[in-house]
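Novice: 3D model of this:
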Amino acid sequence: MRLKKIILSVLILSSFALAQLQNIVASPEFVKKGIPIVDIRTPSEWRETGIIKGAYTIMFFSEDGQYDVKKFLKELNKAVDTKKPFAIICHTGSRTAMVGDFLAKQLGYSVINLEGGMDNLTRMGYKPVKFTK
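Specialist: Model prediction:
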């Protein structure tokens with residue numbers, strides 16, 4: 001019985017060791033890779049600047065800074081396969097740095113934080129599509 005607990009502990013710890021947070025600069029070249037991208041900004045930001053074509057729009061922080069982790073995770077798990085790497089983006093990369101750290105360290109997800117966010121992406125010439133919801 002003790003050996004089973006040790007083996008189970010090793011398996012659990014090794015699965016978290018595979019999880020990681022990568023910081024990659026948001027660029028048109030990254031978007032072309034086809035890795036799922038989750039835009040965690042607010043609906044007003046999506047409407048104002050547009051979104052990455054094919055991105056999943058799942059707000060994390062509301063306009064007033066509130067958040068509902070349970071609701072976010074439910075929507076995230078419906079949208080992407082969290083057993084595989086996926087990217088998250090916000091306006092400048094500040095929110096995604098925090099959220100990505102949480103997703104990687106607490107939940108064991110392999111997350112890519114798109115540094116510089118939509119701000120950097122559009123500065124590099126990416127043309128977002130209109131948010132229509």
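Novice: how close does Asp38 sit to Gly125?
Specialist: Just so we're on the same page, residue 38 is Val rather than Asp. Applying CB to CB, to the nearest Å, the value for Val38 to Gly125 is 22 Å. C-beta coordinates here come from the backbone N, C-alpha and C atoms, glycine included.
Novice: same check, this time on Ser44
Specialist: Distance, Ser44 to Gly125, by CB to CB: 24 Å.
Novice: which of those two has more neighbours?
Specialist: The residue with more neighbours, out of Ser44 and Gly125, is Ser44; 11 against 8, by other CB atoms under 10 Å.
Novice: tell me which element the more buried one falls in.
Specialist: Ser44 belongs to helix 43-49 when assigned by DSSP states H and E.
Novice: so what's the nearest residue to Glu63 once chain neighbours are set aside up against?
Specialist: Leaving out its chain neighbours, the residue that sits closest to Glu63 by CB to CB, 6 or more residues apart in numbering is Thr42, at 5.5 Å. Counting by CB atoms under 8 Å, 6 or more residues apart in numbering, Thr42 makes contact with 59, 61-63.
Novice: I'd like those residues as a markdown table, with neighbour count, pLDDT and secondary structure appended.
Specialist: Shown next, in a markdown table, are the contacts of Thr42 (neighbours: other CB atoms under 10 Å; pLDDT from 0 to 100; DSSP: H, G, I helix; E, B strand; the rest coil):
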| residue | neighbour count | pLDDT | secondary structure |
| --- | --- | --- | --- |
| Met59 | 19 | 97 | coil |
| Phe61 | 17 | 96 | strand |
| Ser62 | 11 | 94 | coil |
| Glu63 | 10 | 92 | coil |
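Novice: With respect to Lys105, which of the residues you listed is nearest?
Specialist: Phe61 (18.4 Å; CB to CB).
Novice: How about that closest one: what's its closest non-neighbour residue?
Specialist: Tyr67 (5.1 Å).
Novice: Go ahead and confirm that neighbour touches Ile40.
Specialist: No - if you go by CB atoms under 8 Å, Tyr67 and Ile40 don't touch, sitting 9.7 Å apart.
Novice: tell me the pLDDT at the residue positioned nearest the centre of the chain?
Specialist: Taking CA atoms, centre = their mean, the centroid of the chain lies closest to Ile88, which sits 2.6 Å from it. pLDDT, Ile88: 98.
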